[in-house]
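1. sequence and predicted structure below; questions after.
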Amino acid sequence: MQQHTAQLTEKYDNLSAEYAQLKTSHAQQRAEQRAESKQIKASQTQQKAEYEQQKAAYEQLREM
């Protein structure tokens, strides 16, 4: 009985450790996805600003 309890305890401990590792991995993936999303948004904002700048320069040339 004692050996069986020890085996169950070991299995529980292993599963608990695996679960904690999976939670950590998932949290890290979510953080990476959020960072990537922010980077994409920043890039899009920069591209839009560059587009607007080029558009304004083009309009100035057209008016000449």
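-> Nice, I can see it.

2. what mean pLDDT would you report for the strand or helix carrying residue 27?
-> Using DSSP states H and E, residue 27 falls within helix 2-63. Confidence for helix 2-63, expressed as mean pLDDT, is 97.

3. mind starting the numbering at 34 from now?
-> OK, 34 is where the count begins now, so the last one is helix 35-96.

4. ok now that helix, how far from the chain's centre?
-> What separates the centre of helix 35-96 from the centre of its chain is 0 Å, taken as Cα atoms, centre = their mean, to the nearest Å.

5. likewise for stretch 87-97?
-> Distance, centroid of stretch 87-97 to centroid of chain: 39 Å (Cα atoms, centre = their mean).

6. which residue lies nearest the spatial centre of the chain?
-> residue 66 (1.6 Å; Cα atoms, centre = their mean).

7. how far away is that one from residue 60?
-> 11 Å (Cβ to Cβ, to the nearest Å). For the C-beta atoms, the positions are set from N, CA and C on the backbone; glycine is no exception.

8. go on, residue 41?
-> Relative to residue 60, and taking Cβ to Cβ, residue 41 is found at 28 Å.

9. for residue 69, same thing?
-> 15 Å.

10. and residue 51, by the same measure?
-> 15 Å.

11. over to residue 42?
-> Distance, residue 42 to residue 60, using Cβ to Cβ: 27 Å.

12. cool, residue 45 as well?
-> 22 Å.

13. ok, now residue 86?
-> 39 Å.

14. kindly report the same for residue 93.
-> For residue 93, the distance to residue 60 - Cβ to Cβ - is 50 Å.

15. what does residue 89 give?
-> 44 Å.

16. and what of residue 73?
-> Taking Cβ to Cβ, one finds residue 73 at 20 Å from residue 60.

17. before we move on, what about residue 70?
-> 16 Å.

18. what count of nearby residues applies to residue 48?
-> 10 (other Cβ atoms under 10 Å).
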